[in-house]
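> I'll drop the sequence and a predicted model, then ask my questions.
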Amino acid sequence: MKKIVAAFAFVLSTGVAFGQNAQTVPQNWHLLDQQTDGVYGISIEKAYQELLKNKQPEPVLVAVIDSGIDTLHEDLRSVLWRNRLEMAGGSVDPDRNGYAGDTYGWNFLGADDPNKNVTKDSYESERIYFKYRDKFKNVTSEKKVKRKDRQLYQVWLKSKVHATEVSEAGKEVEMMYSLLEVLPRVDAFFQMVLQKDTYTAQDLDSLKAEDPRIAQGKRLYGMIFEQVKPGATNQQLPELFQQHADSLKANLTAPETPPADYRGMVVEDDYSSFKDRYYGNNNIMAGDPSHGTHVAGIIGAARGNGLGVDGIASAVKIMMIRAVPDGDEHDKDIAMAIRYAVDNGAKIINMSFGKSFSPQRQWVEDAIKYAEEKDVLIVRAAGNESKNIDVEPYFPNPYTIKGNKKAPNVITVGATGPTQNTLVAPFSNYGKEVVDVFAPGDNIYSTVPGGNQYAPFSGTSMASPVVAGLAAVIKSYYPHLSATQIKSVIENSVTKITVPVLNPGTGEKVTMSELSRTGGVVNAYEAIKLAGTLQ
């Protein structure tokens, strides 16, 4: 099964298309205009050409809480925030902010030694499941749980389900269901190649594999055939493979082995104490900084330098705060990262991460409130599970635990694609109440580690920095606007989508207003025009 998963992942990553005519989409489509360029970008290039020409912006500091950044990248070096007091030296902590050596930002996933850092981590559901397993594993009814523990018990039950789904076996089953969705396209391709409606694995073996689509298709399809009865035909394959996947899913069990305490083995803090806040190191390139580097480039890669890509914001400085490992982030690190960003002058914070559980949610909520008090806008990704996050919360959550009030300084972003047929990205989370706007997030080309490397990534992680970049543009040209005003401007200037779109969770055609509060895609041109009226 692992071989099938690897083959399928390769097909997806290389973009092998079976029987589909790929529409040519400009590499920088997210910057372009729907009317003039034919893609659902945010019209930022049009805004620079028509609205902002000859206007002088003020630099804006944007904090990116993420996996790290390549500080040597050719398209990012000139836009990195530099803590000038720290660069000047003269003492252990010249600016006396408690974070010695924080030249470009800070790493909350490290030991005092910059060479010791958290890279891989577990899922929050696993951590919760094993923490309370002994307490609840023999409970057969909620009625047998003390009243004060019943809410925790329900969270534990959900964590058990999620921990099972994200286990290795669970991921393999999920990939099998994804394969089922691809099978019709693969089948149609091989019917055309073989020139027959019905065929077997033996017929596939007879094909010469000079065409890379045939080579990869044979590899993938052949292994799927191996999972069902010998002699099965392509016509029988979908039903048989569905039965196989259903059988494996029915027999999934919760993991037996607790995850390693990856963070506890490295970070030298008292996690239970929020007073212990001065931990970590200044190594913001630790581990794999691909995600953070890509996000930073979307926001502010140097414009007009003839290299790689143009970021959205032209007058921006990027502060990197490393707090997101390969796995679920920890609430304390996120809360500390938000406070660090605010205390060091950031006016916009991008948070392209999230998880299904948040045991120390109050810490993060208090940090968001702190950012609100300091007039800082937080832009967050909606998540990539094709779920309705009005119903299934995705953290950090903009709503408060007490009173269920929505933070006025947080904007939640879903992801879109370039064309009408791909307008709502199939992976994007959605929510009529929680998701505020949609923005380009499918195949966004940006910076990646390596000094001079670039690549396309997809996710709401890419849509969020599109909006953060737009917020930075507005703030740089209209610095008198508050965080809540900028949020209002972005929301009230969206391009309303009137054509039906596909609900990522159900596949049904719905209006965009059923998937988000504003029912539209952010529009930089209209946002900047609107901002100009708020004098």
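Okay, I see it. Residues are numbered from 1 along each chain as shown.

> which one is the residue nearest the centre of the chain nearest to, not counting chain neighbours?
Centroid check for the chain by CA atoms, centre = their mean gives Ser461 as the closest residue, at 2.9 Å. With sequence-adjacent residues excluded and distances taken as CB to CB, 6 or more residues apart in numbering, Ser461 is closest to Ser352, at 3.7 Å. C-beta here means a position set from N, CA and C on the backbone, and glycine is covered the same way.

> show me the contacts for the one you found.
64, 66, 291, 295, 380-381, 459-462, 464-465 (CB atoms under 8 Å, 6 or more residues apart in numbering).

> ok, those residues vs His244, which is closest?
Within these, the smallest distance to His244 is 29.4 Å, found for Gly459 (CB to CB).

> hang on, the closest one packs against Gly414?
No. Here Gly459 lies out of contact with Gly414, judged by CB atoms under 8 Å, at a distance of 10.7 Å.

> tell me, what's touching the two both at once?
Residues within reach of Gly459 and of Gly414 at once, by CB under 8 Å, 6+ apart, are Gly441.

> quick one, which of those two is more surrounded?
Gly414 (31 against 22; other CB atoms under 10 Å).

> So the residue nearest to the centre of the chain sits against Phe353, correct?
Yes. Checked against CB under 8 Å, the pair Ser461 and Phe353 is within contact range at 7.3 Å.

> Now the common contact residues for these two.
Common contact partners of Ser461 and Phe353 (CB under 8 Å, 6+ apart): Ala381.

> in the chain, which spans are strands?
Taking DSSP state E, the strands of the chain run over residues 60-66, 105-107, 316-322, 348-351, 377-381, 410-416, 437-440, 444-448, 453-457, 495-496, 501-502, 509-510, 520-521.

> Tell me the helices and strands packed up against the fourth one.
Okay, so that is strand 348-351. strand 60-66, helix 331-343, strand 377-381, helix 460-477 (3 or more CB pairs under 8 Å, 6 or more residues apart in numbering; DSSP states H and E).

> so can I have CSV of the ones you listed showing distance to Arg133 and mean pLDDT?
Formatted as CSV, these follow (distance: least, CB to CB, whole Å; pLDDT from 0 to 100):
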stretch, distance to Arg133, mean pLDDT
strand 60-66, 31, 98
helix 331-343, 20, 98
strand 377-381, 30, 98
helix 460-477, 31, 98
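
> Just send these back as a markdown table, with distance to Asn452 too.
Converted to a markdown table, the helices and strands packed on strand 348-351 look like this (distance: least, CB to CB, whole Å):
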| stretch | distance to Asn452 |
| --- | --- |
| strand 60-66 | 20 |
| helix 331-343 | 28 |
| strand 377-381 | 27 |
| helix 460-477 | 20 |
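
> among the ones you listed, which is nearest Val139?
Per CB to CB, nearest to Val139 of the helices and strands packed on strand 348-351: helix 331-343, 25.7 Å.

> Now do the closest one: everything it contacts.
Helix 331-343 is contacted from outside by 63, 65, 97, 99, 106, 108-109, 269, 271, 274, 277, 319, 321, 323, 349, 351, 358-361, 363-364, 366-368, 370-371, 374, 376, 378, 396, using CB under 8 Å, 6+ apart.

> For the residue nearest to the centre of the chain, list the residues it contacts.
291, 294-295, 352-353, 381, 384, 441.

> quick check, nearest of those residues to Asp134?
Phe353 (30.0 Å).

> Need the nearest residue in space to the closest one, chain neighbours excluded.
Val324 (4.7 Å).

> Over to Asp66?
Gly292 (3.3 Å).

> That neighbour against Met319, yeah?
No. Look at Gly292 against Met319 with CB under 8 Å: they stay out of range, at 11.3 Å.

> ok, now how distant is Asp205 from Arg219?
11 Å (CB to CB, to the nearest Å).

> out of those two, which sits in the more crowded spot?
Arg219 (18 against 10).

> quick one: pLDDT of the more buried one?
The confidence metric pLDDT takes the value 79 at Arg219.

> go on, Lys2?
Reported pLDDT for Lys2: 51.

> what sits against the residue lying closest to Lys249 once chain neighbours are set aside?
With sequence-adjacent residues excluded and distances taken as CB to CB, 6+ apart, Lys249 is closest to Val173, at 4.9 Å. Applying CB under 8 Å, 6+ apart, we find Val173 in contact with 245, 248-249, 252.

> for Gly505, same thing?
386-388, 430.

> can those go into CSV with extra columns for neighbour count?
Listed next are these as CSV, based on neighbours: other CB atoms under 10 Å:
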residue, neighbour count
Ser386, 17
Lys387, 19
Asn388, 21
Tyr430, 28
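
> What is the nearest of those residues to Gln453?
Closest approach between the contacts of Gly505 and Gln453, by CB to CB: Ser386, at 29.7 Å.
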